[in-house]
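Peer 1: Got a sequence here, can you model it:
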Amino acid sequence: MRAENPEGVAGDIAIEWGSDAMAELLSRLDLRYLALVPGSSYRGLHDSLVNYNGNRDPRLLVCLHEEHAVAIAHGYAKVTGRPMAAALHSNVGLMHASMAIYNAWCDRVPMLIIGATGPVDAARRRPWIDWIHTCADQGALIRQYVKWDDQPASVEAALDSLARAYAITRAAPSAPVYVCLDVSLQEQALPQPPPMPDVRRDRSPRAPGPDAEAVRTTLEFLGQARRPLFLLGRASRDERDWDRRVALAERYGALVLSDLKNGAVFPTSHPLHPAPPGIFLPAASAALIGAADLILSLDWTDLAGTLAAAAGHGHPASARVISCTLDSALHNGWSKDSFGLAPVDLSVPADPDLLVRALLKSAEPAEAAEPAGWPAREDNPAIPAASGGAGITMHDLAQALRGALAGSPACLVRLPLGWHGADLEVGHPLDYLGMDGGAGLGSGPGMAVGAALALADPAFGGGGRLPVAVLGDGDVLMGGTALWTAAHYRLPLLIVVANNASFHNDVVHQERMARQRQRPVRNSWIGQAISDPGPDLPAFARSLGLHAAGQVRDRYTLPSALTVAAAVARSGQCALVDVRVCPVE
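Peer 2: Alright, predicted model coming up:
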């Protein structure tokens, strides 16, 4: 990764300014990077991070939009499980970033967001600009979708606030936190260094485990079940936790369902994972829910909606239901990402992977019951057909990409809505990272950069995996300038654009409306097409410093184009391939 370090900066520089003290505290936290769009509201902190702290831990990452800065921190957290910092310029930068913050909130990832404001003391404000960049309660803009926020009124309080925010975002359930720093505090001269919170002292567990009664009851229910079904949702990227999930399913002969909204949690080729994952519940998975006599939900996204969808497919659940999640700690009246109230026989407020560990540590059951009475399963789940002509379907793209990546590890950072679950093959927790939580269009490029940053960081050790993001053309056009940061810092990254020249998901919605109202379906493209002119995405990518050849329009040249681009990306250059795909029916 390309280095950017200041010249003439030596160690043991005295803490002279409020922002020096803040930079010193940030250096004592486990923060490798701080993504930012420069702004005058934190010019003091910017100077201290560079000229006091030497642009190290955290190291500054220049971005072209505040939404990208937060999305990069989001992608980083999805790989590492650890918070990254992002800095946002006053109220205007915070408003720019609000969609990305909501995505990170819904995805339950840790993140330290540092905001700033013009002088709260009106007597200190510069004419015009400081007035429009100052507001009475800046955190109110995002308070409903951050875990905690604060606007401290002294340097000492700011140090305490930053330390507290870092501890809060790391504690499960994770979500972004926000600290707004008055520009006057940053630029305040200090007669002596203030006392520094001892942030390295705390060794507390970051997530609570299940109590003994919950473990005992779960074991009792598992021992009585003949058709147990595990719904695996949000889980850690730790390989040991992955192995434990597999071991628990094997111990009880439990079938496993996963979905595309969350990252890889279980090997899709395992015999106990019989149905491909989906964004919405596939019919084959609904049949398994209806046939199960015990459902163990491990932080599954929208358990109530999933059970309702199974009933809608004609397979209502009659099983006992155990739900293990900490998510209710973040539920509030504003955001409805709490979903419906699920019918649950046992609620376990604990980290799901800690429940799995506790169940495996318990006494081995005398003999696990043999699963019986499951619906007949297909050995090969239905996979979308390849195109009959030269046109490229999403399945053609999946096959060609799999071939181009064969033989070396990769990490699928994102997949588009039209990707079929049967085309996803995962055997490691970093094989696939899932979606963005809040379904906010434009998040994909920034999250891809953040994942690439984490996978390239020797301190993390991503195992040489090439980050690959398959993004829709609308997603790239809305957030594509985030890719400049990857090019600037020489991050290995492959972007594949599944380009259908429209906002096709909404074409489908308009077709549905037209049929329901007996109106012309042929008009569904109006207000949806991205054409006339069609954006030249390869030229756009090259202008940002990426490698990009012309658009690929036939499936015969697709494999070689992807193979060349993957090789370029592995060499350390960000590469983009624009693939014209047939709209998903």
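
Peer 1: Pro193 and Leu25: what is the separation?
Peer 2: For Pro193, the distance to Leu25 equals 11 Å [C-beta to C-beta, to the nearest Å]. For the C-beta atoms, the positions are set from N, CA and C on the backbone; glycine is no exception.

Peer 1: Over to Gly44?
Peer 2: 14 Å.

Peer 1: repeat for Val246
Peer 2: 41 Å.

Peer 1: again, but for Arg240
Peer 2: Taking C-beta to C-beta, one finds Arg240 at 32 Å from Leu25.

Peer 1: higher neighbour count, the two?
Peer 2: When Arg240 is set against Leu25 and neighbours are counted by other C-beta atoms under 10 Å, the residue ahead is Leu25, at 20 against 10.

Peer 1: thought the more buried one was touching Leu162?
Peer 2: Yes - assessed by C-beta atoms under 8 Å, Leu25 is found in contact with Leu162 at 5.5 Å.

Peer 1: longest single helix anywhere in this structure?
Peer 2: helix 90-107 (DSSP state H).

Peer 1: if I've got this straight, Val256 is in a strand?
Peer 2: Yes - counting by DSSP: H, G, I helix; E, B strand; the rest coil, Val256 is found in a strand.

Peer 1: what's across from it in the sheet?
Peer 2: Counting by DSSP bridges, Val256 forms beta bridges with Phe230.

Peer 1: show me the contacts for it.
Peer 2: Val256 is in contact with Leu229, Phe230, Leu232, Arg245, Ala249, Phe266, His270, Leu272, His273, counting by C-beta atoms under 8 Å, 6 or more residues apart in numbering.

Peer 1: For the longest helix of the chain, buried residues please.
Peer 2: Residues 90-91, 93-94, 96-107 are the ones in helix 90-107 that count as buried (16 or more other C-beta atoms under 10 Å).

Peer 1: what secondary structure does the residue of the chain most remote from its centre sit in?
Peer 2: The C-alpha centroid of the chain is most remote from Pro191, which lies 42.9 Å away (C-alpha atoms, centre = their mean). The three-state assignment at Pro191 reads coil, by three-state DSSP.

Peer 1: mind listing the helices for the stretch 401-550 of the chain?
Peer 2: Along the stretch 401-550 of the chain, counting by DSSP state H, counting those that start in this stretch, helices occupy 444-456, 473-479, 483-488, 504-516, 537-543.

Peer 1: Quick check: which of those helices is buried the most?
Peer 2: The highest average neighbour count among the helices of the stretch 401-550 of the chain, using mean count of other C-beta atoms under 10 Å, belongs to helix 444-456 at a mean of 31.

Peer 1: quick one, that helix and helix 90-107 angle?
Peer 2: Angle, helix 444-456 to helix 90-107, by axes from the mean of the first three to the mean of the last three C-alpha atoms, to 10 degrees: 70 degrees.

Peer 1: Which strand or helix spans Thr169?
Peer 2: Element membership for Thr169, per DSSP states H and E: helix 155-170.

Peer 1: Now that helix: buried residues?
Peer 2: In helix 155-170, counting by 16+ other C-beta under 10 Å, buried: 155-156, 158-170.

Peer 1: Please apply the same query to stretch 552-562.
Peer 2: Result for stretch 552-562 [16+ other C-beta under 10 Å]: buried residues Val552, Arg555, Leu558, Pro559, Ala561, Leu562.

Peer 1: didn't the fifth one look like it was pressed against Ala575?
Peer 2: No - checked against C-beta under 8 Å, the pair Ala561 and Ala575 is beyond contact range at 10.2 Å.

Peer 1: Touching both of those two, which residues are there?
Peer 2: By C-beta under 8 Å, 6+ apart, Ala561 and Ala575 have no common neighbours.

Peer 1: ok, residues contacting stretch 554-570?
Peer 2: Everything outside stretch 554-570 that qualifies as a contact, by C-beta under 8 Å, 6+ apart, is 386-387, 390-392, 396-397, 400-401, 403-405, 408, 466, 468, 492-494, 496, 547, 549, 552, 575-577, 579.

Peer 1: what pLDDT, on average, does stretch 219-235 get?
Peer 2: Averaged across stretch 219-235, the pLDDT comes to 97.

Peer 1: I misspoke; the intended subject was stretch 59-78.
Peer 2: Average pLDDT, stretch 59-78: 98.

Peer 1: Distance from the one helix or strand in the chain whose mean pLDDT sits lowest to the middle of the chain?
Peer 2: Taking mean pLDDT, DSSP states H and E as the measure, the chain has helix 504-516 as its least confident helix or strand, at a mean of 87. Offset of helix 504-516 from its chain centre (C-alpha atoms, centre = their mean, to the nearest Å): 28 Å.

Peer 1: Quick check: which helices or strands does it pack against?
Peer 2: Helices and strands in packing contact with helix 504-516 are not found; criterion 3 or more C-beta pairs under 8 Å, 6 or more residues apart in numbering; DSSP states H and E.

Peer 1: got the contact list for that helix?
Peer 2: The contact list for helix 504-516 (C-beta under 8 Å, 6+ apart) reads Leu417, Gly418, Gly472, Arg519, Pro520, Val521, Asn523, Ser524, Trp525, Gln528, Pro583, Val584.

Peer 1: CA atoms only: put that helix into CSV for me.
Peer 2: Extracted as CSV, the C-alpha positions of helix 504-516 are listed here (Å, rounded to 0.1, in the frame of the first residue of the first chain):
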residue,chain,number,x,y,z
HIS,A,504,-33.6,-2.7,-13.1
ASN,A,505,-34.9,-3.6,-9.7
ASP,A,506,-37.4,-0.8,-10.0
VAL,A,507,-38.3,-1.9,-13.5
VAL,A,508,-39.6,-5.1,-12.0
HIS,A,509,-41.6,-3.1,-9.4
GLN,A,510,-43.1,-1.0,-12.2
GLU,A,511,-44.0,-4.1,-14.2
ARG,A,512,-45.8,-5.5,-11.1
MET,A,513,-47.7,-2.2,-10.6
ALA,A,514,-48.8,-2.2,-14.3
ARG,A,515,-50.0,-5.7,-14.2
GLN,A,516,-52.0,-5.2,-11.0
